[in-house]
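[1] Fold the following, please.
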Amino acid sequence: MSLYRDTVAVCRMIKIEHSVFALPFAFTGAFLAQGPGPGWSIPSWRIMVPLTIAMIAVRSFAMAYNRLADLDIDRLNPRTQGRPLVTGELSVDFTKRFLFFCALVFTTACAAMNGTCLLLSPVALLWSAFYSHTKRFTPLCHFVLGSVLGLSPVAGWLAVRPRTWATRRCCCSAASPSGWPGSTSFTPARTQPSTKARGSNHCPRTRACPGPCSPPP
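    Below is the predicted model:
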């Protein structure tokens, strides 16, 4: 398969267009760190461009890793049996190379912002991948996913002020994931039997309806 077709397939699998949902949180942190100034000061494009690239790269890394880690579950789940990795449209080897590429782009973008972001980049990558494994042993996995999103405003703040930590101004990092667990936990509720077969601990599998659920009207 050509590089172009593989790239299109992996972008479709990770829903690359949904990267835009994490950007407002990171931008909020950056604007809070910059603070008001004459005519409302805004962060430099030298910060905003690498920050945007880093957010897209780390989300792509996390999504691709999640699909790779959940391949055995996706094969049994009727909702996910059409995904490229399951159908064979996309190979495991290409997905691994894509993960390496995203990690490299993310690390490079962090280095372009400042040394603090570069030093913390491995932590961000590891934590974003950790969620994929938490669903194997805890029903609180969606809160871990929320905490990953909660790092976005912190990343935005550190991109602007790497030597200054302001807990009060970065309190949005605790608020941003508050609605995420509920919104993400409903999806697996529709296909509980397949996730239960592989020992998944999504909240719907352990706390919600006993059978497959349907979205509310």
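[2] Look at residue 43 and give its secondary structure.
    When the structure is reduced to helix, strand and coil (DSSP: H, G, I helix; E, B strand; the rest coil), residue 43 reads as coil.
[3] So residue 66 sits against residue 131, correct?
    Yes: the pair residue 66 and residue 131 passes the contact test of Cβ atoms under 8 Å, sitting 7.1 Å apart. Heads up, the C-betas are built off the backbone N, CA and C, glycines and all.
[4] how much space between residue 60 and residue 34?
    Using Cβ to Cβ, to the nearest Å, residue 60 is found at 26 Å from residue 34.
[5] And the two? Which one has more around it.
    Just comparing residue 60 and residue 34: by other Cβ atoms under 10 Å the higher neighbour count belongs to residue 60, 23 against 19.
[6] so which strand or helix has that one?
    Of the helices and strands defined by DSSP states H and E, residue 60 is found in helix 45-69.
[7] Distance of the residue most central in space within the chain relative to residue 81?
    Closest to where the C-alpha atoms of the chain average out (Cα atoms, centre = their mean) is residue 59, at 4.0 Å. Separation of residue 59 from residue 81 (Cβ to Cβ): 24 Å.
[8] count of neighbours near residue 89?
    Taking other Cβ under 10 Å as the criterion, the count of residues near residue 89 is 17.
[9] One more: residue 11?
    Counted by other Cβ under 10 Å, the residues lying close to residue 11 total 16.
[10] what helix or strand is it on?
    Using DSSP H and E, residue 11 falls within helix 3-13.
[11] for residue 121, same thing?
    For residue 121, the secondary-structure element it belongs to, assigned by DSSP H and E, is helix 115-134.
[12] For the helix or strand that comes right after that helix, which helices and strands make contact with it?
    Moving toward the C-terminus from helix 115-134, the first helix or strand encountered (DSSP H and E) is helix 141-160. Of the remaining helices and strands, those touching helix 141-160 by 3 or more Cβ pairs under 8 Å, 6 or more residues apart in numbering; DSSP states H and E are helix 23-34, helix 45-69, helix 115-134, helix 172-175, helix 180-185.
[13] looking at this structure, which helix or strand is least sure?
    Taking all helices and strands of the chain together, the one with the lowest average confidence (mean pLDDT, DSSP states H and E) is helix 180-185, at a mean of 45.
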